[in-house]
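Peer 1: Sequence unavailable; structure follows:
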């Protein structure tokens, strides 16, 4: 979805060109000036209790939101198309527009309604898919990232930001890794220079916004970043001077600053990422392992949906980050693993979960505090969450790692003291309704509230006095929002009305009056209400200002809460799933005993565990067996156990020892790429090429039925050649599933190849899958039996069985079947061409110009 500045219709351009003429109403002139500053965004233009959209914006919003489109009046002779939404329901409409990739400029009334001319209006914020902070617009289990990138000489500079958490990171990488990085980061919005090779960014599901190339200038970006962070240079963040990503980081900062209308105090620093920190997973691997999304694009069942029993949204988001960023440092892995072990041994994970159930999303509340967009209940939630932290510290196990977390979980006590004193236990949802600031926090506010609260008692006392003075027993002293304060007398007593009563309103059966005393009280009471609301707003804003001082402390506390949440969640899964702590080795091996696929195991009653043994002398396993036998599940199981081990989690196995692993590759499943113009087989070969070009001896490679997308002999030849390359050149840990039984002969030629199979038993036209991995090759594929199990018509199955027997008998009669690849001899080394031979004998440094000239003629003669 490539979103550039959307060109406006001729009608709107015509109107904009006339915005200074008297043909437009003053209000429409104001709107067109604001719209001209935001041509690529929908403008929510506040008018009373509604946000109105005009012209093309109205047409687009009506279509996307399914709201009414109307035409009312004209401006400069052109009909005004309109659509509106109630301001109090704006968030739900914003959420829907953001999902469509739209950006919205929120234009509020900031001037006095009674002032001469149109009310002054100003764009207060811009909502874009990548800059969301409002809880109603965000998925609490997923980071909402804005990504900026640029390209130069095959390299890609990237910077990304989660405004809701304050995480700001950057890195340089190869441009060819764009798809992998997009799958890893899952940005909600992308910024790119308008002179970039945008073909790389076509057909993406998220909006891509083009910015002027100068906005990515690294020198200007560096100055912008150092000014924001208040530092002399960026070296303290680990940013090198020639880092390509500095340009995108500067462009990103300016873009976010423009959408938020000011400073960004929650951006406290930069983080430089390096590929060497994590086990690399390309885009295909992340999809095929179904880490956070199934191959069909669903949220469950996935590894994340299985593991995520986190109590807080920030814990869930951190867990997803860990799963997509498996560590390579054994020291950091073992630190997490030891912490999970301590939570398990002490049972503290249950206490942690109990305490965290009462903790809100501190991380995102802090972002809204920083942007001054926090609501009253954000502050009450923050106060109540801070009150839980001492208990969380108390239930943590012993150990240095938990001591570090405990220090972060003890922010300045003044924060909680301020919020406890300032905010009511159950404040109003919105500030404009009042009822937010606690009694006793402001003497002035208490006095104003006292006047309002005493109104009822004052009216009762005045009513009693006036009845006694006038002798009118039915006299009433009341208040409503339309008439204000009044004395109501029925028509039958009008002859007894005192002279100091002044008529305010005539009713059908009564008259309403006001007296000088009541008028004086009315002015005081109504003034008190207005003043108290204004004072509450000022006090609330002052509290937000005070909290800015503690944002760093609060963010550290939020990160610690999230870390404890994830560790407790993984400890719970280890306890419930009977997981074990894996060991790590510097040797070349992956040895797993009785491993289980964590997600599949949770879906069925009787999962059959299987082990794997990969080592220097056994680097490639050729896996054969029937369809539905469990080959793909077995391979994914190994990869998921390796991934979980490097996350720091316990793993579903009796035991596991994992050697050095740098990357995980998968070539599994069959899918085309119609948008990219690639067939299923082309996708398969592209993924295979990536593996063969990048896998090392420390990589884990899963190859599932490679070569099946073409003819039998083409596929077999390719599968054989690919297997040889993996054995001889890459020497990676490889699980190679195939239905080409001819490949099992590779084990005879290469000592590092071993055959294993998943068996099945066929009895009386029925097949039973055993799902157990056995040594040696399979005896047959049971393809016809599987077709029968799938419900293929009996006549087709019967015909297939007869044809299978015929083909098998024919195959036996063919000579030379003992060595399939005898028909694929190694080509003999050709005799070198005479020109090549001549060139090899020449020392160019010894040639004179004349000799070189003569040599050229000699070589030319050899070619002819």
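Peer 2: In hand now; what should we look at? All values derive from a computational prediction rather than experimental measurement. Residues are numbered from 1 along each chain as shown.
Peer 1: okay, CA-based contacts and neighbour counts for the rest of this
Peer 2: Will do.
Peer 1: pLDDT weak spots in the chain?
Peer 2: Within the chain, the stretches with pLDDT under 70 are 1-22, 76, 113-116, 198, 670-678, 763-765, 811-836, 861-864.
Peer 1: so where's the longest helix in it?
Peer 2: Across the chain, the longest stretch assigned as helix under DSSP state H is helix 516-547.
Peer 1: which ones are touching residue 272?
Peer 2: Applying CA atoms under 8 Å, 6 or more residues apart in numbering to residue 272 gives the contacts 169-171, 237-239.
Peer 1: For it, list each beta-bridge partner.
Peer 2: For residue 272, the beta-bridge partners are residue 170 (DSSP bridges).
Peer 1: Show me where the stretch 651-800 of the chain has its helices.
Peer 2: For the stretch 651-800 of the chain, helices defined by DSSP state H, counting those that start in this stretch occupy the ranges 680-694, 712-725, 746-749, 783-789, 794-813.
Peer 1: Columns mean neighbour count and distance to residue 658 on top of these, output as a markdown table?
Peer 2: Formatted as a markdown table, the helices of the stretch 651-800 of the chain follow (neighbours: other CA atoms under 10 Å; distance: least, CA to CA, whole Å):
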| stretch | mean neighbour count | distance to residue 658 |
| --- | --- | --- |
| helix 680-694 | 16 | 21 |
| helix 712-725 | 17 | 23 |
| helix 746-749 | 14 | 24 |
| helix 783-789 | 17 | 35 |
| helix 794-813 | 12 | 42 |
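Peer 1: could I get those as JSON lines with distance to residue 402?
Peer 2: Listed next are these as JSON lines, based on distance: least, CA to CA, whole Å:
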{"stretch": "helix 680-694", "distance to residue 402": "39"}
{"stretch": "helix 712-725", "distance to residue 402": "47"}
{"stretch": "helix 746-749", "distance to residue 402": "50"}
{"stretch": "helix 783-789", "distance to residue 402": "53"}
{"stretch": "helix 794-813", "distance to residue 402": "63"}
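Peer 1: Which of those sits closest to residue 29?
Peer 2: helix 680-694 (53.9 Å; CA to CA).
Peer 1: The most centrally placed residue in the chain: what's it in contact with?
Peer 2: Central residue of the chain (CA atoms, centre = their mean): residue 143, 3.7 Å from the mean position. By CA under 8 Å, 6+ apart, the contact set of residue 143 is 162, 317.
Peer 1: three-state assignment of it?
Peer 2: Classification of residue 143 using DSSP: H, G, I helix; E, B strand; the rest coil returns coil.
Peer 1: of the helices of the stretch 651-800 of the chain, which approaches residue 615 most closely?
Peer 2: Here helix 746-749 is closest among the helices of the stretch 651-800 of the chain (CA to CA), at 15.0 Å.
Peer 1: Could you list the residues in contact with that closest one?
Peer 2: Applying CA under 8 Å, 6+ apart, the contact partners of helix 746-749 are 753-755.
Peer 1: can you check stretch 289-299 too?
Peer 2: Contacts of stretch 289-299 (CA under 8 Å, 6+ apart): 287-288, 300-305, 320, 323-324, 636, 639-640.
Peer 1: now with 6 Å?
Peer 2: Applying CA atoms under 6 Å, 6 or more residues apart in numbering, the set of residues contacting stretch 289-299 from outside is 287, 302-304.
Peer 1: Among those, which lie within strands?
Peer 2: With strands taken from DSSP state E, there is no overlap with the contacts of stretch 289-299.
Peer 1: quick one: which of those is most hemmed in?
Peer 2: residue 303 (23 neighbours; other CA atoms under 10 Å).
Peer 1: what's the closest non-adjacent residue to it?
Peer 2: Distances taken as CA to CA, 6 or more residues apart in numbering put residue 291 closest to residue 303, at 5.0 Å, once the chain neighbours are dropped.
Peer 1: Confirm that the one you found lies within a strand, as I assumed.
Peer 2: No. Checked against three-state DSSP, residue 291 lies outside a strand; its state is coil.
Peer 1: so the residue located most distally from the centre of the chain, which of the three states?
Peer 2: Taking CA atoms, centre = their mean, the residue of the chain most remote from its mean C-alpha position is residue 495, at 74.8 Å. On the three-state scheme (three-state DSSP), residue 495 is labelled helix.
Peer 1: Next one: it relative to residue 513, how far apart?
Peer 2: 13 Å (CA to CA, to the nearest Å).
Peer 1: quick revisit: now do the longest helix of the chain: distance to the chain's middle.
Peer 2: From the chain centre to the centre of helix 516-547 is a distance of 42 Å (CA atoms, centre = their mean, to the nearest Å).
Peer 1: Please identify the buried residues of stretch 558-578?
Peer 2: 558-575, 577 (16 or more other CA atoms under 10 Å).
Peer 1: I meant to write stretch 540-560 there.
Peer 2: Using 16+ other CA under 10 Å as the test for burial, stretch 540-560 gives 540-541, 543-544, 547-548, 551-552, 554-560.
Peer 1: ok so, going back, looking at the contacts of residue 272, spot the one nearest residue 776.
Peer 2: Using CA to CA, residue 171 comes nearest to residue 776 of those, at 45.9 Å.
Peer 1: isn't there a strand covering residue 118?
Peer 2: No. Read with three-state DSSP, residue 118 is coil and lies in no strand.
Peer 1: List the contacts of it.
Peer 2: Residues near residue 118 by CA under 6 Å, 6+ apart: residue 27.
Peer 1: which phi and psi does it have?
Peer 2: The phi and psi values for residue 118, taken as degrees, to the nearest 10, are phi -70, psi 150.
Peer 1: what's the answer for the one 3 residues further on, then?
Peer 2: With angles defined as degrees, to the nearest 10, residue 121 shows backbone torsions of phi -130, psi 150.
Peer 1: Next, the buried residues of stretch 345-356.
Peer 2: So for stretch 345-356, counting by 16+ other CA under 10 Å, buried means 347-353, 355-356.
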